[in-house]
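J.: I need the structure of the sequence given here:
(2 chains)
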Amino acid sequence: MLEVAALSHFYGKHQALADIALAIGQGEIVAILGANGAGKSTLLKSIAGLVKPAPGATIRFEGHHIGELPAHLIVERGIALVPEGRGVFGDLTVAENLQLGAYPARARAGEADRLARILRLFPRLAERMAQAVRTMSGGEQQMVAIGRALMSNPLLLLLDEPSLGLSPLLSREVFRALAEIRSSGLSVLLVEQNARASLDIADRVYLIESGRNAGSGPASAMKNDPEVQRAYLGKARAAPSPP
Amino acid sequence: MLLVDIILPGLVLGGMYALIALGLTLQYGVARIMNLSYGESLVAAAFGAFSLYGGLGLSPLAALLLAVPVAMVLNWLLYRLLLERLMRRGKDRGAQEIDSILVTFGVLFVIQGAMLVAFGGQYYSYSYLSIPLTIMGSTLAVNRLVALLFAALVGGAVYLALTRTRIGTAVRAIAVDANAARLVGIDVAALSGLAFAFGGGLVAVGGVLISMFLTFNAAMGVVFTMKALVVIIMGGVGNVIGALVAGLLLGVVETAVARLVDPGLTLAATYALFLGVLVIKPTGLFGRAAS
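T.: As a prediction, this is how the structure comes out:
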């Protein structure tokens, strides 16, 4: 459903992305692994229309070129980004954030049903609908951010470091929610520093190094690849992981 | 009764401040334009009402129906043709703010110059509904009460539109985080232009209402710009309820000082209150704590 080819991006003279290619199929969860500064966030922002790709890039979604569209029209096509640092409206309430998620025209039909489903997914939000989001914990804000993205009725969800700064417990809750979201048929493109958790949940994985494709494959195979284990899972020797 | 003597005119004045601060909140808080020509727009609307009343015998309340759409269209054009381009070019928030200050500073002199050519520098006023009315021992002209009533109606309607409708919530979302607003499908440029136009419409309402009971001249716009700025900073930039409350508060305090101490000290009282609020709560009465 999403095809990216020859995607490059420059911040001034610094090249953040160089000829990136990737594809995501219907209902797939695809994870992107890479070191800090490898260009993962820039890749997601390019797809979402927040940064303009360098000329020559192809970004096709459901058969249409979307590389030139502004961000607000890309949401309208069915791509929702949960940005790094969450990007929630801190001064607004949970209810207002979720209502704004349904701002695109594509999200108006079935809005009430979707809201009910999201509140079942994150029951904590149901108790805090009237609370200003900035007064909530990081994990709760992440739930608002994901819930807001789901409110836009997306076909593809882009997640940038959803577990960053969360306690292990809340981080698990976020991944549990992702597994549930997948079962509803949504495609997910995931950038995560928690490589182990993303390998567990993903179908396929792309490796990115210094803004370039550095390999890809099914998550199950990647998990057992010694090179991947060394670079991303921190397994220098086969040390037993702590309980 | 002294208390009523202060509270009633104070609320009238404060209602005007709240209304024009609400307009500046839309222009500065949402569209990110520090509009220095704001007060000149207000005075221009006052002259418009004066001319329509003197020339055509049109009541100022009817003049609203003409002044508000005209002001909205002019402000929208100003935003789309000039300010939006500058905003797109500016590298960051600071550069954009400096650009918008320079441009609207120029607009200030254009509007002021046109008014000086047309009306000269002398003070103007006209007499509309200046019928004394006694309320609880305090005498007030009917035009002031009508102005307060209209300010309350318009302010209340704008407040409800901003807090209870999806598009109003979207406008506030831009004030909170414009980038995140794009991610939920909001066309930030188009909606900012609309917010800027509405801000211009609100200041036109303020100008027409104020002209019913205050004398004005072509050079006094800057006073209103300053007051509106003081009010929105006191209330917390971008905060709708903050602008309303701070506006009313300022009106009552100014009237109290003028009545109890000396009318010459009202401006000093304004800034004393302003500084006091900022020392105790730097982000304004309803502003969030620095995050």
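J.: Quick one: list the elements packing against the helix or strand hosting B:Pro69.
T.: Per DSSP states H and E, B:Pro69 falls inside helix B:60-78. Applying 3 or more CB pairs under 8 Å, 6 or more residues apart in numbering or on different chains; DSSP states H and E, one finds that helix B:60-78 makes contact with helix B:38-51, helix B:142-164, helix B:188-211. To be clear about C-beta, it is placed using only N, CA and C from the backbone, and glycine gets the same treatment.
J.: Contacts made by the second one with the rest, please.
T.: Translated: helix B:142-164. Residues from elsewhere that reach helix B:142-164 (CB atoms under 8 Å, 6 or more residues apart in numbering or on different chains): B:9, B:11-12, B:15-16, B:18-19, B:22, B:61, B:64, B:128-133, B:167-169, B:171-172, B:198, B:202, B:205-206, B:209-210, B:212-213, B:240-241, B:244.
J.: Using PDB, write out the CA atom coordinates for the helix holding B:Pro69.
T.: Coordinates of each C-alpha in helix B:60-78 appear next as PDB, following Å, rounded to 0.1, in the frame of the first residue of the first chain:
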ATOM      1  CA  PRO B  60     -23.700  52.700  15.000                       C
ATOM      2  CA  LEU B  61     -25.400  49.300  15.700                       C
ATOM      3  CA  ALA B  62     -26.400  49.100  12.000                       C
ATOM      4  CA  ALA B  63     -22.900  50.300  11.100                       C
ATOM      5  CA  LEU B  64     -21.600  47.100  12.700                       C
ATOM      6  CA  LEU B  65     -23.200  45.100   9.900                       C
ATOM      7  CA  LEU B  66     -21.100  47.000   7.400                       C
ATOM      8  CA  ALA B  67     -17.900  47.600   9.400                       C
ATOM      9  CA  VAL B  68     -17.300  44.000  10.500                       C
ATOM     10  CA  PRO B  69     -17.400  42.300   7.100                       C
ATOM     11  CA  VAL B  70     -15.300  45.100   5.600                       C
ATOM     12  CA  ALA B  71     -12.700  44.800   8.300                       C
ATOM     13  CA  MET B  72     -12.700  41.000   8.000                       C
ATOM     14  CA  VAL B  73     -12.100  41.100   4.200                       C
ATOM     15  CA  LEU B  74      -9.300  43.800   4.600                       C
ATOM     16  CA  ASN B  75      -7.600  41.800   7.300                       C
ATOM     17  CA  TRP B  76      -7.900  38.600   5.400                       C
ATOM     18  CA  LEU B  77      -6.300  40.200   2.300                       C
ATOM     19  CA  LEU B  78      -3.600  41.700   4.500                       C
END
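J.: quick check, the helix or strand that that helix is followed by touching chain A?
T.: Next along the chain after helix B:60-78, taking DSSP H and E as the criterion, comes helix B:84-89. No: counting by CB under 8 Å from any CB of the partner chain, no contacts exist between helix B:84-89 and chain A, the nearest distance being 11.8 Å.
J.: List the buried residues in whatever helix or strand comes next after helix B:84-89.
T.: Heading C-terminal from helix B:84-89, the first helix or strand you meet, by DSSP H and E, is helix B:93-119. By 16 or more other CB atoms under 10 Å in any protein chain shown, the buried positions in helix B:93-119 come out as B:96-97, B:99-100, B:103-104, B:107-108, B:111-112, B:115, B:119.
J.: tell me the angle helix B:93-119 makes with helix B:38-51.
T.: 30 degrees (axes from the mean of the first three to the mean of the last three CA atoms, to 10 degrees).
J.: Please identify the residues of chain B in proximity to chain A?
T.: B:166, B:169-170, B:172-173, B:176-177, B:179-188, B:238, B:288, B:291.
J.: Please repeat the previous calculation with a cut-off of 10 Å.
T.: Contacts of chain B with chain A, taken as CB under 10 Å from any CB of the partner chain, map to B:163, B:166-167, B:169-170, B:172-177, B:179-191, B:236, B:238-239, B:286-289, B:291.
J.: In helices, which of those residues appear?
T.: Mapping these onto helices (DSSP state H) picks out B:163, B:166-167, B:169-170, B:172-176, B:179-183, B:188-191.
J.: B:Leu65 against B:Gly48, yeah?
T.: No: counting by CB atoms under 10 Å, B:Gly48 is not a contact partner of B:Leu65; they are 11.7 Å apart.
J.: Please, where are all the helices along chain A?
T.: A:40-48, A:71-77, A:94-101, A:111-121, A:123-127, A:138-151, A:168-182, A:195-201, A:219-224, A:226-232.
J.: Run through the neighbouring helices and strands of the last one.
T.: Translated: helix A:226-232. Packed against helix A:226-232 by the contact rule (3 or more CB pairs under 10 Å, 6 or more residues apart in numbering or on different chains; DSSP states H and E) you find strand A:29-33, helix A:195-201, strand A:204-209, strand A:212-218, helix A:219-224.
J.: Repeat that for the fifth one.
T.: Other elements packing on helix A:123-127 under the criterion 3+ CB pairs under 10 Å, 6+ apart are helix A:94-101, helix A:111-121, helix A:138-151.
J.: burial of the closest residue to A:Val228 other than its chain neighbours, as a residue count?
T.: Among residues not flanking A:Val228 along the chain, A:Met222 sits closest, at 5.0 Å (CB to CB, 6 or more residues apart in numbering or on different chains). Neighbour count of A:Met222, defined by other CB atoms under 10 Å in any protein chain shown: 24.
J.: same check, this time on the one 4 residues further on
T.: With neighbours defined by other CB under 10 Å, the count for A:Pro226 comes to 10.
J.: and the gap between it and chain B?
T.: Using CB to the nearest CB, to the nearest Å, we find A:Pro226 at a distance of 38 Å from chain B.
J.: ok, back up a step: any quick ChimeraX command for the buried ones out of the contacts of helix B:142-164?
T.: The following ChimeraX line selects those of the contacts of helix B:142-164 that are buried, judged by 16+ other CB under 10 Å:
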select /B:9,11,12,15,16,18,19,22,61,64,128,129,168,169,171,172,198,202,205,206,209,210,212,213,240,244
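J.: And the nearest residue to B:Gly207 once chain neighbours are set aside, how close does it get to B:Asn143?
T.: Nearest residue to B:Gly207, sequence neighbours excluded (CB to CB, 6+ apart): B:Ala45, at 2.9 Å. From B:Ala45 across to B:Asn143, the span is 16 Å (CB to CB, to the nearest Å).
J.: one step back: so the residue nearest to A:Val228 versus chain B, what's the distance?
T.: Between A:Met222 and chain B the computed distance is 30 Å (CB to the nearest CB).
J.: which regions of chain A lie under the pLDDT threshold?
T.: A:234-243 (pLDDT under 70).
J.: and B:Val188, how many neighbours?
T.: The local packing of B:Val188 (other CB under 10 Å) involves 20 other residues.
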